[in-house]
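Trainee: predicted structure and sequence below. I'll ask about it afterward.
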Amino acid sequence: MEEFSNYIQDHIAVAVDETIRLGTVDFRLVSNVPGFAALQYFSKVARLPNHGKRTVFELWCVSLKESSLDRQYIQAHIDQTYRGKSFTDGYYATDHFGSPVYLVTCGHRYFVFGEQLERVVWPYFVKYFLMLHTLNGEALQLKGAACKIGSAGTLILGRGGTGKTVFLTQLCLHGAKFITNSHAVITKGQVIGVASSIRIRPGHWFSDLTAKVENTPALKSGEIIIDPYDVFDIRVKDQEPVEIKNLCIIDFQKPGCHIIKELSEQDAYNYAEQFSLAINVYRLEEDLLDLYKNDPWKFSQAYNKMKIQLREIVARSRCYYISSDVLEKTYRDEIIALLSS
């Protein structure tokens, strides 16, 4: 595949070449599209000019309209994996669809060809790279937000639309330290965040944020993107791993609500396995099986390791169900006191 890689590099004009930091791993993002839209999904603190730096993964997003590449040559090299085939059908990941995309993998270098390729960078490749990275170590990838109150780290979980981001941002605007909004990498009971932007649906519940900074439209209609490093006081040392003490499942119901209940270890685990364990939430099971060349024993071993790690996280945490209107100061103060103790 070296010949293919050399052909692409020799026949495109690189317009973007940056190193992107995903918590504990870097990847190189290259594109022939000026101002490539996928960059807005990463905080400015996570982006650096590449300058030829070797990274664990490379992602080349190539617009065919902006190049004179031979499509037939590219199509002859498309990955014959589940993801390679689904991309050509216009299915990217979870609820993300679009025009056909061609995926060609050359070792640690991943090429995707098509248009509007930002639609595969954040929804798929960020998740996939984090899965590959954590598989090779003792870390676990979760979908979840996290903050630090005092010395205690808190994981914030919940299905889409239940108020996780409102909960996180309100706590961080009133004393908590921001760790991550959507991706948590956990090693030996400690969490480190991925410096991604925050996607929000504008409303009075986010007026504190939108009034502070400029914002840009997100992939989904009605959403905007904000860099957390523009709105929260986050210093370099705040990016160090934080010990997890609490796990909160957020489920906002209506204005004025305020319910806090302790969860059993089993109840918290069952929820987290389906709504936070990355392989399930992002539908990466096919990718994992392809990675192990359809070997069910290796697949089972890797998946079982993820579940053991998740159970250890839950077992070490105080687990809560919280349905609260955190815009109310009294409720918010009670939650901050609970999670800091």
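Mentor: Received it, and whenever you're ready, just let me know what you need.
Trainee: skipping its backbone neighbours, what lies nearest Y128 in space?
Mentor: D287 (6.0 Å; CB to CB, 6 or more residues apart in numbering). Heads up, the C-betas are built off the backbone N, CA and C, glycines and all.
Trainee: right, and the one you found touches R83 too?
Mentor: Yes. Counting by CB atoms under 8 Å, R83 is a contact partner of D287 at 5.8 Å.
Trainee: tell me which of these two has more neighbours.
Mentor: R83 (22 against 19; other CB atoms under 10 Å).
Trainee: just the mean pLDDT for the strand or helix carrying that one, thanks.
Mentor: Element membership for R83 (DSSP states H and E) is helix 82-88. For helix 82-88, the mean pLDDT works out to 97.
Trainee: just stretch 244-253 next, same as before
Mentor: So the average pLDDT for stretch 244-253 ends up being 97.
Trainee: which other residues reach the helix holding R83?
Mentor: The contact list for helix 82-88 (CB atoms under 8 Å, 6 or more residues apart in numbering) reads 78-79, 92, 100-103, 105, 112, 120, 124, 128, 286-287, 289-290.
Trainee: the same query, at a cut-off of 7 Å, please.
Mentor: I78, P100, V101, Y102, L103, E286, D287, D290 (CB atoms under 7 Å, 6 or more residues apart in numbering).
Trainee: one step back: give me the distance between the residue nearest to Y128 and A302.
Mentor: As judged by CB to CB, to the nearest Å, D287 and A302 stand 11 Å apart.
Trainee: next one: A76
Mentor: For A76, the distance to A302 - CB to CB - is 31 Å.
Trainee: the two: which is more packed in?
Mentor: Set A76 next to A302 and count neighbours by other CB under 10 Å: A302 wins out with 17 against 10.
Trainee: quick one: contacts for the more buried one?
Mentor: By CB under 7 Å, 6+ apart, the neighbours of A302 are L135, L288.
Trainee: for it, grab phi and psi.
Mentor: Dihedral pair for A302: phi -70, psi -40, per degrees, to the nearest 10.
Trainee: what's near enough to touch L288?
Mentor: Here L288 is in contact with I279, F299, A302 (criterion: CB under 7 Å, 6+ apart).
Trainee: make a markdown table out of those and add pLDDT and distance to H51.
Mentor: Listed next are those as a markdown table, based on pLDDT from 0 to 100; distance: CB to CB, whole Å:
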| residue | pLDDT | distance to H51 |
| --- | --- | --- |
| I279 | 97 | 34 |
| F299 | 98 | 38 |
| A302 | 97 | 34 |
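Trainee: secondary structure element for the nearest residue to S63 once chain neighbours are set aside?
Mentor: The shortest distance from S63 to any non-neighbouring residue, by CB to CB, 6+ apart, is to V33 (5.0 Å). Here V33, judged by DSSP H and E, is contained in no helix and no strand.
Trainee: check what pLDDT V33 gets.
Mentor: 97.
Trainee: report the rounded mean pLDDT for stretch 325-341.
Mentor: For stretch 325-341, mean pLDDT is 95.
Trainee: same check, this time on stretch 137-146
Mentor: So the average pLDDT for stretch 137-146 ends up being 93.
Trainee: end-to-end on it?
Mentor: Stretch 137-146 has an end-to-end distance of 21 Å (criterion: CA to CA, to the nearest Å).
Trainee: got the contact list for it?
Mentor: With contacts defined as CB under 7 Å, 6+ apart, stretch 137-146 is touched by 24, 130-131, 134, 153-157, 164, 168, 179-188, 191, 193, 276-278, 281, 306, 309-310.
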